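Q: Okay, predicted coordinates and the sequence, questions at the end:
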Amino acid sequence: MLLISTSDNSDPVAHFLANVNNLFGHALRDVDDTDMVGITIQNQVNQNNKPIGINFRRKNQLSGDVIWSVFEKASQSNSRFNALDTLVVTVNSTNMPSILVDMQLRAGIDRSP
């Protein structure tokens, strides 16, 4: 996996989102779009803080913007996530039976939070 290097003129948020999309694209490369994915992010140094996470949702509903919104919420909390800290990212996926997914999609049911 290759992370994008930053240039002096780059927008830090755009740089972050591009790298997050690459990171999770790599981590989820073998997961179907209809499978459920949950993500937990924890500070390796200060494990007293609660991990932040993204509730299970279909892979095709996961984007850099969703992950960015989780980081925004964490930055406004008492959690400590510094730019140079090592973060532990845990990705869990569950294969959904295709018949159940097809029925939900046809019925217009959206189970995302």
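A: Yep, it's here. Numbering: from 1, shown residues only.
Q: Quick check: mean pLDDT of the longest helix belonging to the chain?
A: Of all the segments of type helix in the chain, defined by DSSP state H, the longest one is helix 12-27. Averaged across helix 12-27, pLDDT comes to 80.
Q: cool, and stretch 50-57?
A: Across stretch 50-57, pLDDT averages out at 85.
Q: can you give me the helices for this structure?
A: Secondary structure of the chain by DSSP H: the helices cover 12-27, 64-75, 98-107.
Q: Figure out which of these is closest to Gln44.
A: Evaluated over these, closeness to Gln44 peaks at helix 64-75, with 14.8 Å, by Cβ to Cβ. The way it works is simple: take the backbone N, C-alpha and C, and place the C-beta from them, glycine included.
Q: what's the closest one packed up against?
A: Applying 3 or more Cβ pairs under 8 Å, 6 or more residues apart in numbering; DSSP states H and E, we find helix 64-75 packed against helix 12-27, strand 52-58.
Q: Redo the ones you listed as TSV? Include distance to Met96 and mean neighbour count.
A: Compiled in TSV, these are given as follows (distance: least, Cβ to Cβ, whole Å; neighbours: other Cβ atoms under 10 Å):
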stretch	distance to Met96	mean neighbour count
helix 12-27	18	15
strand 52-58	8	17
